[in-house]
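Visitor: Here is the input, now give the coordinates:
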Amino acid sequence: MSNVNEYNDIVAFHPGYYIADIIEDMEISQAEFATRMGTQVLQKQSLANFLNKSDKFLEQNLGAKKSEFVSNLLALSDSNKELSQCEPADLMKCAMNATALNLPLNKNLGYAYVIPYFDGKTNRTVPQFQMGYKGFVQLAIRSGQYKTINTCEIREGEIKRNKVTGHIDFLGENPSGAVIGYLAYIELLNGFQQSLFMTIEEVQAHARKYSKIYAKTNRGLWKDEFDLMAKKTVLKLLLNRYGVLSVEMQKAIEKDQADNEGNYIDNPQGRYIQDAEVIEQNEPTENAQPVQPVPREEPNKVDFKNV
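Guide: Numbers count the residues shown, from 1 in each chain. Presented below is the predicted three-dimensional model:
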């Protein structure tokens, strides 16, 4: 934006409210924005220095996983300019959500992510923890309650809904067909099955409803990784309503898309409710026994007071 002066009036009358939009429109960093506005950005210690000072804390809480955690976190920060602008302490705490769930924090694996968001209320970039669909699958497998769990894209001609039973019949793969939606499926050990199908339009509407960045700017993880986010959405909705949730799975759902204070910056509505109809596949057989959650120990809680 060539005329920065017009933004001075906006910021003066509405401090903090429009800054996120302004920075996104100008496609510059917070530091560059501050320079153009004639202000200064407080210098913060580098992530590497902070992690080095936190070595004892990390050793006590992560043990043998410390080296991998530090390596992955530094790689994440180096590969993302916005993440590098986050406070090191916030970034470390956010990343440790993945460690507490014993999920690798490697974006190429797709189990869990740390995503930067600009918080207009505090005028700073903050990290948010986000689960990947593979992370939910992994936690479900660990619970020992699922015989089958899957989520996938559906293409033209691959499924047909039975008008009488409401079930979905899979007709076979059609690799050349256009993607028309996404399906999640679970089967418990007692034979109970459920599916959830959302059309492309329903998924896009969900994304716009629960992601401010995607709705306002068509950017963010929904823009960059729509397929992965869509698979995660249908699976998370199905699990949240009909799945047997271990302690780890409950914590993953609670932490998903939240910052270190439990705020859902990109999703002010918090944990989202059901946006799609769950398709009844079949009820458990008469002789089947209800699946009870396996008692699990609470994941190790990290005390950040000593950081």
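Visitor: Quick check: the gap between Leu235 and Asp90.
Guide: Distance, Leu235 to Asp90, by C-beta to C-beta, to the nearest Å: 28 Å. All C-beta atoms are positioned from the backbone trio N, CA, C, and that covers glycine.
Visitor: ugh, typo on my part, it should be Leu83
Guide: Relative to Asp90, Leu83 is positioned 10 Å away (C-beta to C-beta).
Visitor: hey, what's in contact with both of those two?
Guide: Residues touching both Leu83 and Asp90 (C-beta atoms under 8 Å, 6 or more residues apart in numbering) are Pro127.
Visitor: Provide a list of residues in contact with Leu83.
Guide: Neighbouring residues of Leu83 by C-beta under 8 Å, 6+ apart: Leu76, Ser77, Leu91, Val114, Pro116, Thr125, Pro127.
Visitor: now for those, which pair is the farthest apart?
Guide: Across the contacts of Leu83, the two members that end up farthest from each other (C-beta to C-beta) are Leu76 and Thr125, 13.7 Å apart.
Visitor: any chance you could map the helices in the chain?
Guide: Assigned helices in the chain, in chain order: 5-13, 19-26, 30-36, 47-53, 55-62, 66-79, 81-84, 88-100, 133-143, 200-210, 212-217, 221-224, 226-242, 247-255 (criterion: DSSP state H).
Visitor: Which of those helices sits closest to Cys152?
Guide: Closest among those, using C-beta to C-beta: helix 226-242, at 6.9 Å.
Visitor: So for that closest one, mean pLDDT?
Guide: The average of the pLDDT scores along helix 226-242 is 92.
Visitor: Which neighbouring elements make contact with that helix?
Guide: Packed against helix 226-242 by the contact rule (3 or more C-beta pairs under 8 Å, 6 or more residues apart in numbering; DSSP states H and E) you find helix 133-143, strand 146-155, strand 179-188, strand 193-199, helix 200-210, helix 247-255, strand 278-282.
Visitor: Sketch out the low-pLDDT regions of the stretch 1-150 of the chain for me.
Guide: Within the stretch 1-150 of the chain, the stretches falling below the threshold (pLDDT under 70) are 1-45.
Visitor: Pop the domain breakdown of this structure in here.
Guide: Taking automatic domain parsing as the reference, the chain has its domains at 1-43, 133-282.
Visitor: What is the burial count for the closest residue to Asp55 other than its chain neighbours?
Guide: If the residues on either side of it in the chain are set aside, Asp55 comes closest to Lys66, at 7.9 Å by C-beta to C-beta, 6 or more residues apart in numbering. Applying the criterion other C-beta atoms under 10 Å, we find 18 residues in the vicinity of Lys66.
Visitor: give the contact list for Lys66.
Guide: Taking C-beta under 8 Å, 6+ apart as the test, what Lys66 contacts is Asp55, Leu58, Glu59.
Visitor: roughly how far apart are it and Lys251?
Guide: 22 Å.
Visitor: likewise Leu235?
Guide: From Leu235 to Lys251 the distance is 17 Å (C-beta to C-beta).
Visitor: Now which of the contacts of Lys66 would you call buried?
Guide: By the neighbour-count criterion of 16 or more other C-beta atoms under 10 Å, the contacts of Lys66 include these buried positions: Leu58.
Visitor: List just the nearest of the contacts of Lys66 to Arg155.
Guide: Ranked by distance to Arg155 (C-beta to C-beta), the contacts of Lys66 are led by Leu58 at 45.3 Å.
Visitor: Who are the contact partners of that closest one?
Guide: Leu58 touches Leu51, Lys66, Phe69, Val70, counting by C-beta under 8 Å, 6+ apart.
Visitor: Met131: which of those residues is nearest?
Guide: Taking the contacts of Leu58 together and measuring to Met131 by C-beta to C-beta, the closest member is Phe69, at 17.5 Å.
Visitor: sorry, back to before: what about Leu235 and Lys251, which has more around it?
Guide: More neighbours surround Leu235 than the other of Leu235 and Lys251, with 27 against 17 (other C-beta under 10 Å).
Visitor: Hmm, Leu139 and that one touching each other?
Guide: No - under the contact definition of C-beta atoms under 8 Å, Leu235 does not touch Leu139, with a separation of 11.0 Å.
Visitor: low pLDDT regions in the stretch 151-300 of the chain?
Guide: If you take pLDDT under 70 as the line, the stretch 151-300 of the chain has these spans: 258-300.
Visitor: Let me know how buried Gln250 is, in neighbour terms.
Guide: A count of neighbours around Gln250, defined by other C-beta under 10 Å, yields 13.
Visitor: From Gln60, how far off is it?
Guide: Taking C-beta to C-beta as the criterion, Gln250 is separated from Gln60 by 26 Å.
Visitor: now Leu228
Guide: 34 Å.
Visitor: Might you report the residue contacts of the closest residue to Gly135 other than its chain neighbours?
Guide: Taking C-beta to C-beta, 6+ apart as the measure, Gly135 lies nearest to Tyr111, with 4.1 Å between them; neighbours along the chain are not counted. Shown in contact with Tyr111 (C-beta under 8 Å, 6+ apart): Ala98, Leu103, Pro104, Leu105, Met131, Gly132, Lys134, Gly135, Gln138.
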